[in-house]
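# Dropping the sequence and predicted coords here.
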Amino acid sequence: MSDQPMARPVPKPTAWSQPYWDAAREERLVIQHCNQCATRIMNPKQYCPRCLSDDLGWSESDGRGTVYSFSIQKRSPASPFVGKGPYVVAIVRLDSGVQMLSNIVGERAFDVHCGDAVKVAFEPIPGTDITLPVFELVG
Ligand SMILES: [Zn+2]
């Protein structure tokens, strides 16, 4: 076994998710929607999960939402995240009508409770062109 730490997994944009990652790099959060049935879609997909249309578009989100659920990860099994904890993984329900899996970051991250208000922030992954949307507690 190598003593080298495992590389952090990095999202690999697809043709249909590229606009999401381009926006994140510009510190904007965009939500995919279906132009036929208005379903909002997260994570980005090639077809609408409701009506199967490929007529999809994007709209800006203000990045505000609430914590639906969370977990504080203190230890990791053998993985690229060994030694990175503790960190907070959360399901955030955006006011824009979708929910997403992300991290709660910032000085108050470990004070998180279900129902807390959050706002998007952006965390570039060093050495890549990927920026991750993450969330901070507000209020
Ligand atoms: Zn649809």
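Perfect, thanks for sending it.
# so how far is stretch 60-75 from its chain's centroid?
Relative to its parent chain, stretch 60-75 has a centroid offset of 8 Å by Cα atoms, centre = their mean, to the nearest Å.
# okay, that stretch in PDB with CA atoms only?
Taking only C-alpha atoms (Å, rounded to 0.1, in the frame of the first residue of the first chain), the coordinates of stretch 60-75 have been written out as PDB:
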ATOM      1  CA  GLU A  60     -30.700  31.700 -10.600                       C
ATOM      2  CA  SER A  61     -31.200  30.800  -7.000                       C
ATOM      3  CA  ASP A  62     -30.600  33.200  -4.100                       C
ATOM      4  CA  GLY A  63     -29.000  30.200  -2.300                       C
ATOM      5  CA  ARG A  64     -31.200  30.500   0.700                       C
ATOM      6  CA  GLY A  65     -32.800  27.500   2.400                       C
ATOM      7  CA  THR A  66     -33.100  25.500   5.600                       C
ATOM      8  CA  VAL A  67     -31.300  22.500   7.000                       C
ATOM      9  CA  TYR A  68     -33.500  19.400   6.500                       C
ATOM     10  CA  SER A  69     -31.000  16.900   8.100                       C
ATOM     11  CA  PHE A  70     -27.400  16.700   8.900                       C
ATOM     12  CA  SER A  71     -24.600  14.500  10.200                       C
ATOM     13  CA  ILE A  72     -21.300  15.500  11.800                       C
ATOM     14  CA  GLN A  73     -18.600  13.300  10.500                       C
ATOM     15  CA  LYS A  74     -15.900  12.900  13.100                       C
ATOM     16  CA  ARG A  75     -14.100   9.900  11.600                       C
END
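# Would you mark the buried spots in it?
For stretch 60-75, a neighbour-count test (16 or more other Cβ atoms under 10 Å) marks 61, 63-67, 70 as buried. Every C-beta, even on glycine, is put in place using the N, C-alpha and C of the backbone.
# any idea which of those residues is closest to the ion?
S61 (18.5 Å; Cβ to the ion).
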